[in-house]
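S.K.: whatever this is, show me its structure:
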Amino acid sequence: MSAFQPLPQANVRAQSYYVACTEVRCWRCGISTRLLALAVPHSHETLDGDSPLSPDAWQRADFTAFLFYVEHLPASVQTRLTQLSRNFQPGHSTAALGCYWANHCEHCGALLEDHELHCEPDGAFLPFTEAAAAGITLLHIHEPFEAAAAGYAFEPEFFRFMRMG
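M.R.: Model (predicted):
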């Protein structure tokens, strides 16, 4: 499926992906900072079971999904993300007890936890209104994608109201 060396840890893959962009006030310094998130379109695949070697282990998903607590990405995706924002990079989270690709405040460097951005009501990537969703821009990247993600939010309710950039 991919044009790069497959990730042995991957549990999500797709023929293309989205980079979602928005802004939020930093919890530490209070200044607005740019955020990125990853999403996959309809027809992405998720790993079902423990054996990525089995062709039946990958299951097609007929909905969009946001990924978070992303631990592993191919080098080509890492390069694209760092071109878009130097503040989306691996970071260690005490709350998550590990390291993952996380947003950091562009002003003070604070790690902005994925739980707050993706799981809390009205979080940056969990809007509860059409207007809030319109504040998120989606860049559709037409390149193969793989990731190892611990968080997966399927069929975000207001995804269709996000702006294509």
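S.K.: can we go C-alpha only for contacts and neighbour counts from here?
M.R.: OK.
S.K.: could you look up the SS state of residue 82?
M.R.: Classification of residue 82 using DSSP: H, G, I helix; E, B strand; the rest coil returns helix.
S.K.: how close does it get to residue 128?
M.R.: Distance, residue 82 to residue 128, by CA to CA, to the nearest Å: 29 Å.
S.K.: which one of these two has more residues nearby?
M.R.: residue 128 (15 against 12; other CA atoms under 10 Å).
S.K.: hang on, residue 19 packs against residue 35?
M.R.: No: at 9.9 Å, residue 19 does not count as touching residue 35 under the criterion of CA atoms under 8 Å.
S.K.: higher neighbour count, the two?
M.R.: Between residue 19 and residue 35, counted using other CA under 10 Å, residue 35 has the larger neighbour count: 25 against 21.
S.K.: hey, what's the more buried one bridged with?
M.R.: Judged by DSSP bridges, the bridge partners of residue 35 are residue 22.
S.K.: all strands of the chain, in order?
M.R.: In the chain, the strands defined using DSSP state E lie at 12-14, 17-25, 32-40, 44-47, 58-61, 65-72, 88-93, 98-104, 111-112, 137-141, 145-154, 163-164.
S.K.: what is the second one packed up against?
M.R.: For strand 17-25, the packing partners by 3 or more CA pairs under 8 Å, 6 or more residues apart in numbering; DSSP states H and E come out as strand 32-40, strand 137-141.
S.K.: that strand: which residues count as buried?
M.R.: Applying a neighbour-count criterion of 16 or more other CA atoms under 10 Å, one finds 17, 18, 19, 20, 21, 22, 24 buried in strand 17-25.
S.K.: got the angle for that strand vs strand 137-141?
M.R.: Using axes from the mean of the first three to the mean of the last three CA atoms, to 10 degrees, the inter-axis angle of strand 17-25 relative to strand 137-141 is 150 degrees.
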